[in-house]
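Undergrad: output the structure for:
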Amino acid sequence: MQSVGVYRFPQTEQVVFGTPCAEAVPREAERLGATRVFILSSGTLNRETAVVRTLQAALGNKSAGLWDRIGAHTPRTDVVAAANAARDAHADLIVTVGGGSITDAGKMVQLCLANGVTQPEQLDDYRNITGKGAVREPKPPTVRQIAVPTTLSAGEFGFTAGCTDTQRKVKESYRHPMLVPRVVVLDPAATVPTPLWLFLSTGIRAVDHAVEDICSPECNAYSEAAAIHALKLLSRGLRATKADPSSLAARHDCLMGMWLSMVGSQSGVSKGASHAIGHILGGTAGVPHGYTSCVMLPYVMKWNKSVNADRQAVVAEALDQPGADAGDLLHELIAGLGLPRTLKAVNVTPDQFELLARNTMHDRWTRTNPRRIDGPEQVLEILRMAA
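TA: Take a look at the predicted model:
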């Protein structure tokens, strides 16, 4: 059957790879005409490493401020505080140095600055509600973002931001094509200070992107080719990084695999239940981004196999073991990296399952899982498999 779809080129101008961020970011700031560069980073990266200090020094008098107080899963209170600080600093460029929560914070700061958001509750108007879209379409940002990722969750290549309302304990989605970073800098050395468990587990998040793209009914030749090579680079690079965390070549493979893992999202390929449940595990149960994929992807594959064994065979071949069970291969990869493989291992207990299942029904990827999910009871089946 002929595939039908649209590939949407992202509003990213450049991806700079293999160049130290302290060289690449000032050069890009100069190219873009920026004179007031505001940096968002994680507190740990700022306090305990030289990455941010070196970047600030390289920017010189173009460095207009630094914010290093963004919590996990991008709480909206933190986002608005950062946006207010960037506004006060008259920022004309946002640079994010950190993992997925920091990248999403940069996207949200762009949205806040463009739409006059100064209080967290104002974000209610711009959140994306499944099946309905946003209450108010956000204005496009004029202050854009350069992203330097230090993990592998790959949000730098998408125009959606996740932001958590901590009062309601719900992670919500915000979208605009211009929220995608204008420039992405892939610097393997910048990832070295990242805790190894975090780097490896977010690598499994990138694996999740590629696997669910291949298994999607909307998979196309372009996205499939990228996802297959992403799996080859990620499986090789993650194992090599585990064996030698100082290997920049291994980390470079991981970063390139992460980039390729997002081609499906840019092609409009829908994800499935691993992503859907993972979103809820993060926002409702506080499970780290990468761990959500570690504990859900193999079980979702097992649950889906009755309807897409042919697509799962493509995953197994990409992992260099044609004919093997793809779910088993993913279990082996995750176990070999020393990462958790059950909900119990990430402190999610059966008494939380019903709430998680109900909340998962509100996630857009639940509706596009290869095997149809009609209600919370089917989500509970998957959660019980992963218990």
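Undergrad: okay, CA-based contacts and neighbour counts for the rest of this
TA: Fine.
Undergrad: tell me which element Thr103 falls in.
TA: Assigned by DSSP states H and E, Thr103 belongs to helix 100-115.
Undergrad: quick one: list the elements packing against that helix.
TA: Contacts defined by 3 or more Cα pairs under 8 Å, 6 or more residues apart in numbering; DSSP states H and E place helix 100-115 against strand 37-41, helix 76-88, strand 93-98, strand 145-149, strand 160-165.
Undergrad: what about the next helix-or-strand element following it, average pLDDT?
TA: Per DSSP H and E, helix 100-115 leads on to strand 128-129 as the next helix or strand towards the C-terminus. Across strand 128-129, pLDDT averages out at 78.
Undergrad: ranges for the helices of the stretch 251-387 of the chain?
TA: Here the stretch 251-387 of the chain has its helices, by DSSP state H, counting those that start in this stretch, at 263-266, 273-285, 289-318, 326-336, 353-360, 376-385.
Undergrad: what does the first one contact?
TA: Right, the one you point to is helix 263-266. Outside helix 263-266, the residues within contact range by Cα atoms under 8 Å, 6 or more residues apart in numbering are 7-10, 158, 209-210, 213, 219, 222-224, 226-227.
Undergrad: write a ChimeraX command that selects only the buried members of these.
TA: Selection of buried members from the contacts of helix 263-266 for ChimeraX, criterion 16 or more other Cα atoms under 10 Å:
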select :10,158,209,210,213,219,223,224,226,227
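Undergrad: related to what we said a few turns ago, among the helices and strands packed on helix 100-115, which comes closest to Val307?
TA: Among those, the nearest to Val307 by Cα to Cα is strand 160-165 (29.0 Å).
Undergrad: quick one, the closest one and helix 273-285 angle?
TA: Comparing the axes of strand 160-165 and helix 273-285 via axes from the mean of the first three to the mean of the last three Cα atoms, to 10 degrees yields an angle of 30 degrees.
Undergrad: who touches strand 160-165?
TA: 73-77, 104-105, 107-108, 155, 170-177, 179-180, 283.
Undergrad: how about the CA coordinates for whichever helix or strand comes after it, as CSV?
TA: Next along the chain after strand 160-165, taking DSSP H and E as the criterion, comes strand 170-175. Extracted C-alpha coordinates of strand 170-175, given in CSV (Å, rounded to 0.1, in the frame of the first residue of the first chain):
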residue,chain,number,x,y,z
VAL,A,170,-0.2,17.2,35.1
LYS,A,171,2.4,17.7,32.4
GLU,A,172,0.8,19.7,29.5
SER,A,173,1.8,20.3,25.9
TYR,A,174,2.5,23.6,24.2
ARG,A,175,3.0,23.9,20.5
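Undergrad: gap between Gly286 and Gly278?
TA: Applying Cα to Cα, to the nearest Å, the value for Gly286 to Gly278 is 10 Å.
Undergrad: so between the two, which is more surrounded?
TA: Gly278 (27 against 17; other Cα atoms under 10 Å).
Undergrad: hmm, that one is touching Thr292, no?
TA: Yes. Using Cα atoms under 8 Å, Gly278 makes contact with Thr292 at a distance of 4.8 Å.
Undergrad: so where is the protein shaky, pLDDT-wise?
TA: For the chain, the stretches with pLDDT under 70 are 1-2, 130-133.
Undergrad: domains in the chain, by residue range?
TA: Under automatic domain parsing, the residue ranges defining each domain of the chain are 14-189, 195-385.
Undergrad: so which of the ones you listed is nearest Ser3?
TA: Smallest distance to Ser3 across the domains of the chain (Cα to Cα): 6.2 Å, for domain 195-385.
Undergrad: now do the end-to-end distance for the closest one.
TA: Using Cα to Cα, the two ends of domain 195-385 sit 29 Å apart.
Undergrad: cool, stretch 257-269 as well?
TA: For stretch 257-269, the first-to-last residue distance is 18 Å (Cα to Cα).
Undergrad: likewise for stretch 259-266?
TA: 11 Å.
Undergrad: coming back round to it: got the contacts of helix 263-266 as a markdown table, with secondary structure and distance to Glu48 columns?
TA: Output for the contacts of helix 263-266, formatted as a markdown table (DSSP: H, G, I helix; E, B strand; the rest coil; distance: Cα to Cα, whole Å):
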| residue | secondary structure | distance to Glu48 |
| --- | --- | --- |
| Tyr7 | coil | 41 |
| Arg8 | coil | 39 |
| Phe9 | coil | 37 |
| Pro10 | coil | 34 |
| Gly158 | coil | 29 |
| His209 | helix | 31 |
| Ala210 | helix | 33 |
| Asp213 | helix | 37 |
| Cys219 | coil | 42 |
| Tyr222 | helix | 41 |
| Ser223 | helix | 38 |
| Glu224 | helix | 40 |
| Ala226 | helix | 36 |
| Ala227 | helix | 35 |
